[in-house]
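Engineer: when you get a sec, could you give me coordinates for this:
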Amino acid sequence: MARTQLATRLAVLATCLLWAKPTPSQTFAIGSTGSGQAPLTRRESVILGSWSAWLALAPSACAGTKVDLTLPVTKERIPEVKKALLQLADETGRGTTATPEQKRSMDSFALALASAEPSRPASPDMLSGTWNLVYTTEKEVLSLIGDPGVSVYQKLDSSAGTLGNSIVFTDGKRFDVSGTVSSGKQPEAAADGYPAGLRSSFRFVGAALTVNPSITVPLPPFGAGWFVSVYLDENLRVNRDSRGDLAIYFRA
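Structural biologist: This next block holds a predicted model:
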């Protein structure tokens, strides 16, 4: 693929702020990126798969048990809904193989969590950290994450107002984007086309494609937008964007 085509596709993925989960067999690049972005450390390469480990803690009966969403999702029931959601997300390959029925189920789980009362009210500081995407309905992103050899992660620092997105390929190439992000101080009610939740706006300010340790190609950054975290707790983030797409993230 020509460099410009690759850069465009990577930028589309970065612009959407949607990130793919790594696979257990994946190899991560460790060391300097040569682009001014923080390197992927050995510790990070291990914890990026932590959502799968968390999912493994779910009772085995969860696989064959339907969660009754006609009942209110109380604080006590949130773990049950989260486990069912994560399992279904895994079965759909981050959404790449989701059937219409599975998509409706994911929407139902997301709505149930968005309507639930979390144990701690969402705040901007809860956005900070490294996040992996476990499910998305964004068509442009789905076309890029079908290959399990591609790992993508996002780092947010709400206090500094920064974000860093990195796509790491198994052959060592990587794409890094840096940007700014600002969030409301507390969740807001639905208004002006936004769903209820913690609203965040972002803008990219830098980008680079690292071909190998000695070749890094600066790219013009582009992209700005917003997302709303309709559910946010210590390890799960459910987002809706301006097009109504659903994205679900798990903290690394």
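Engineer: from here on, just use CA atoms for contacts and neighbour counts.
Structural biologist: OK.
Engineer: could you find the closest non-adjacent residue to residue 138?
Structural biologist: residue 245 (5.9 Å; CA to CA, 6 or more residues apart in numbering).
Engineer: so the one you found is in contact with residue 135, correct?
Structural biologist: No: using CA atoms under 8 Å, residue 245 is not in contact with residue 135, being 10.6 Å away.
Engineer: between these two, who's got more neighbours?
Structural biologist: Neighbour comparison, residue 245 and residue 135: the larger count goes to residue 135, with 29 against 13 (by other CA atoms under 10 Å).
Engineer: can you tell me the SS state at the closest residue in space to the more buried one that isn't next to it in sequence?
Structural biologist: Spatial nearest neighbour of residue 135, excluding adjacent residues (CA to CA, 6+ apart): residue 94 at 4.1 Å. Under DSSP: H, G, I helix; E, B strand; the rest coil, the three-state class of residue 94 is coil.
Engineer: so residue 94 sits against residue 139, correct?
Structural biologist: No: between residue 94 and residue 139 there is no contact, the gap being 11.8 Å when judged by CA under 8 Å.
Engineer: how many other residues sit next to the closest residue to residue 120 other than its chain neighbours?
Structural biologist: Of all residues not flanking residue 120 in the chain, residue 233 sits nearest, at 7.1 Å (CA to CA, 6+ apart). Residues within reach of residue 233, counting by other CA under 10 Å, total 18.
Engineer: what's the answer for residue 195, then?
Structural biologist: So residue 195, with other CA under 10 Å, has 21 neighbours.
Engineer: so how far is residue 223 from it?
Structural biologist: 21 Å (CA to CA, to the nearest Å).
Engineer: re the thing from before, now the residue nearest to residue 120: how far from residue 75?
Structural biologist: 12 Å.
Engineer: and what of residue 230?
Structural biologist: From residue 230 to residue 75 the distance is 16 Å (CA to CA).
Engineer: how about the contacts made by residue 156?
Structural biologist: Under the criterion of CA atoms under 8 Å, 6 or more residues apart in numbering, the neighbours of residue 156 are 127-130, 162-164.
Engineer: dump those into JSON lines; add distance to residue 211, neighbour count and pLDDT as well.
Structural biologist: Listed next are the contacts of residue 156 as JSON lines, based on distance: CA to CA, whole Å; neighbours: other CA atoms under 10 Å; pLDDT from 0 to 100:
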{"residue": "127", "distance to residue 211": "30", "neighbour count": "25", "pLDDT": "95"}
{"residue": "128", "distance to residue 211": "29", "neighbour count": "19", "pLDDT": "96"}
{"residue": "129", "distance to residue 211": "26", "neighbour count": "15", "pLDDT": "97"}
{"residue": "130", "distance to residue 211": "24", "neighbour count": "20", "pLDDT": "96"}
{"residue": "162", "distance to residue 211": "25", "neighbour count": "18", "pLDDT": "96"}
{"residue": "163", "distance to residue 211": "22", "neighbour count": "23", "pLDDT": "92"}
{"residue": "164", "distance to residue 211": "18", "neighbour count": "22", "pLDDT": "86"}
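Engineer: residue 111: which of these is nearest?
Structural biologist: residue 127 (19.6 Å; CA to CA).
Engineer: which residues does the spatially most central residue of the chain form a beta bridge with?
Structural biologist: Central residue of the chain (CA atoms, centre = their mean): residue 133, 3.1 Å from the mean position. Note on residue 133: beta-bridge partners residue 249, judged by DSSP bridges.
Engineer: so it makes contact with residue 239?
Structural biologist: No: if you go by CA under 8 Å, residue 133 and residue 239 don't touch, sitting 10.6 Å apart.
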